[in-house]
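In: one predicted model, sequence on top.
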Amino acid sequence: MPKNEFALAFNEVLEEKQLSQDIILGAIESAMVSAYRRAVNASTAQHVEAKVDPETGKVLIYAEKEVVEDVQEDKTEVTLEEARRYNPEAQLGDMVVVETTPADFGRVAAQTARQVIQQRIREAERSNQMQYFERQVGEIVSGVIQAINNSQGITVGLDMKAEGVMPNNQKIPGERLKLHDRVRAVVLEVKDGSRGPQIILSRAHRNFLRRLLENEVPEIYHGIVEIRAIAREPGARAKVAVSATQPGVDPVGACVGIKGVRIQAIVKELHDEKIDIIQWDQDPIVYISKAISPARVTGVYVSDNDGTRTATVVVQEDQLSLAIGRDGQNARLAAKLTGWRIDIKSLSEASGDALLKLKNDADLAALLPSAVELVPQVEEILAKKAENRPVTPEEYTTLAQFVDRVERRTIQIKEEAARAEEERTSAARAEVPDSAFQMPLDGMGLKEHVFNILTEAGFETVGDLMMALKAEPDKVLGLPGIGPKAMQNIEEVMASLKFPEPEPAPVVVEEAPAIEAEVVAAPVAVEPVAVEEASVEEKPAEGKKEVKKVVEEEDNEFAKDGVSLDELFTMKPEIFQSGAEAGAEDDSDKKKGKKKGKKKGVELEYDESLGEVVARKKHKRGDADVPEEEW
């Protein structure tokens, strides 16, 4: 093939397959190596490589051969003269890579390698498609509808000659799509299949609405407005809770746009799906009230007991159908959006329930005397409502106040009971050792039928059973099959158990401050036994007076220089003289336990009679009160 024709064809393949030049050349070279091995029946152990010139299309084959004097096998041996054309330092017995392109290799190789080249190119295409669309998961892609199958869904042609499938359950209900229509969808999942990547598309997922909002609302894209939650029933209605991350920004207005231009573009894309944009609030009462929109709410009463978050929403009679929605759609979306279980009641229904609570619960009635006074008036209003007589707005206000008082007090009582239960459980837990929760019930001496009943009830360890006996004894006794004899067996086993004593906490001994070691020039040789046996109380009073006198003299000595004894022990080491200037201790001083101080005229000495180190004034030769023989 002429130079220009091969280059044009090569570039055309690159553009058509959207692959890099290295991938195409690698596929061609690998195919040529396979064709050469098949043509000459070469061993797979022999190193063979191919080089393709992308300008001319010329193919050269290089194979590793042994250097010999006389060639017996041309495909594995080469002469020394031929080998030195490629490696001047080649010697007999060396392995050298030399060119070994067959004479008629061009057309034979092209026919043989055609299938291999096509396979490698397909594999490279699939690998590129897989990597590209794995990065697109959760993002919106655009494609053209290529086929519509009522059972399997819609096939959409995407970029890089890939195909995506939109199953029927991921389509917007009621939306009619036609062949060759361009559609947008979110990439839901990408799987690796035998025929290439399987790309699952969706227009019904809530993330499709999320990405549409990011594309249409710049504030969401830049993070000024944040999408907190999305609840969606495709093709019918959706609720979106948004909040602003910066003060002074209206998140709802930013999503709706001027005259609703932003939200209308999204509604059109979603086949006229209604979208409610509400402002997220940290207070669950306010948040639930807004989630019920467009209905107006009279009161919201939340209860979070045993992990079940329940909200009772009270609305006016004319708002009840709007709050529930068609087939309960509005209430269902509000529950999904907020994560709370929502019960919607009309004002008259809530008033009737509040009356029953007051009549059936004497404790509650005793706590709400003002609500009890309103009972006759509420009963009269409910009777008028039942007879379809008109009810004034003032009477509706009375009903709302009555319901509010009863519901709030009921919730308060439940919260107090939950706190008391939690305190009782905490107290019971404190009385149970930690090791009890590591001991299984099996093998503790319980009767077989008692053990089976406790295991079925969820008791796995001794600690679980002890907690139940301390916090709720009636719970164990109330289990089917547990009677007085069984309880006696349980109590006897629990009483016979012995738990290991907890290890005492290690005592931390504080080390002496480092400043004391800096004041003393050298360690004092002190006999440990003498220090332990000595005590201040055993010493004569004269010794105490002498020590007191020496300390006073020492303090006065330092006071002359402007330094007190207390200040001495807070001084830094730099203010003292060096060891040579202060005087070094000789061997005799170390044996006696003496230590000279660094302050002039003072020495530190271990007093055996006192059992401690004392500071004494340093005497000079010739002092009248010191005998000459001591010097």
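Out: In hand now; what should we look at?

In: how close does Arg262 get to Glu269?
Out: 12 Å (CB to CB, to the nearest Å). Quick note: C-beta positions are derived from backbone N, CA and C, even for glycine.

In: right, I mislabeled it, should have said Ile381
Out: On the measure of CB to CB, Ile381 and Glu269 end up 49 Å apart.

In: the two: who's more crowded?
Out: Ile381 (23 against 18; other CB atoms under 10 Å).

In: buried residues, the helix or strand encompassing the more buried one. List them.
Out: Using DSSP states H and E, Ile381 sits within helix 375-386. In terms of neighbour count (16 or more other CB atoms under 10 Å), helix 375-386 has its buried residues at 378, 381-382, 385.

In: just checking, Gly481 touches Thr455?
Out: No. Using CB atoms under 8 Å, Gly481 makes no contact with Thr455, being 11.9 Å away.

In: Ile324: neighbour count?
Out: Ile324: 18 neighbours (other CB under 10 Å).

In: the helix holding Ile381 - contacts with which helices or strands?
Out: Contacts defined by 3 or more CB pairs under 8 Å, 6 or more residues apart in numbering; DSSP states H and E place helix 375-386 against helix 347-360, helix 393-431.

In: tabulate those helices (JSON lines), appending mean neighbour count and mean pLDDT.
Out: As requested, these are exported to JSON lines (neighbours: other CB atoms under 10 Å; pLDDT from 0 to 100):
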{"stretch": "helix 347-360", "mean neighbour count": "18", "mean pLDDT": "91"}
{"stretch": "helix 393-431", "mean neighbour count": "15", "mean pLDDT": "87"}
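
In: in CSV: those helices, plus distance to Pro218.
Out: Formatted as CSV, those follow (distance: least, CB to CB, whole Å):
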stretch, distance to Pro218
helix 347-360, 43
helix 393-431, 42
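
In: out of the ones you listed, flag the one nearest Thr79.
Out: Among the helices and strands packed on helix 375-386, the nearest to Thr79 by CB to CB is helix 393-431 (90.5 Å).

In: give me the contacts around the helix or strand just after that closest one.
Out: Counting by DSSP H and E, the next helix or strand C-terminal to helix 393-431 is helix 448-456. With CB atoms under 8 Å, 6 or more residues apart in numbering as the test, helix 448-456 has contacts from 441-442, 446, 465, 476, 479-482, 486, 489-490.

In: give me the buried subset of the residues you listed.
Out: Of these, these count as buried by 16+ other CB under 10 Å: 441, 446, 465, 476, 479, 482, 486, 489-490.

In: pLDDT, distance to Ile172 and secondary structure for the residues you listed - can I get that in JSON lines?
Out: Converted to JSON lines, the buried ones among the contacts of helix 448-456 look like this (pLDDT from 0 to 100; distance: CB to CB, whole Å; DSSP: H, G, I helix; E, B strand; the rest coil):
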{"residue": "Leu441", "pLDDT": "79", "distance to Ile172": "55", "secondary structure": "coil"}
{"residue": "Leu446", "pLDDT": "81", "distance to Ile172": "60", "secondary structure": "coil"}
{"residue": "Leu465", "pLDDT": "82", "distance to Ile172": "55", "secondary structure": "helix"}
{"residue": "Val476", "pLDDT": "79", "distance to Ile172": "55", "secondary structure": "helix"}
{"residue": "Leu479", "pLDDT": "81", "distance to Ile172": "52", "secondary structure": "coil"}
{"residue": "Ile482", "pLDDT": "82", "distance to Ile172": "57", "secondary structure": "coil"}
{"residue": "Ala486", "pLDDT": "82", "distance to Ile172": "61", "secondary structure": "helix"}
{"residue": "Asn489", "pLDDT": "83", "distance to Ile172": "64", "secondary structure": "helix"}
{"residue": "Ile490", "pLDDT": "82", "distance to Ile172": "61", "secondary structure": "helix"}
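
In: just those now: which is nearest Ala204?
Out: Leu479 (47.7 Å).

In: check contacts around the closest one.
Out: Leu479 neighbours (CB under 8 Å, 6+ apart): 453-454, 457.

In: and the top strand by length along the chain, what's buried?
Out: Identified as the longest strand of the chain according to DSSP state E is strand 182-193. Neighbour-count burial for strand 182-193, counted by 16+ other CB under 10 Å, picks out 183-188, 190.

In: now that strand: mean pLDDT?
Out: For strand 182-193, the mean pLDDT works out to 91.

In: any idea whether Leu92 is helix, strand or coil?
Out: The three-state label given to Leu92 by DSSP: H, G, I helix; E, B strand; the rest coil is coil.
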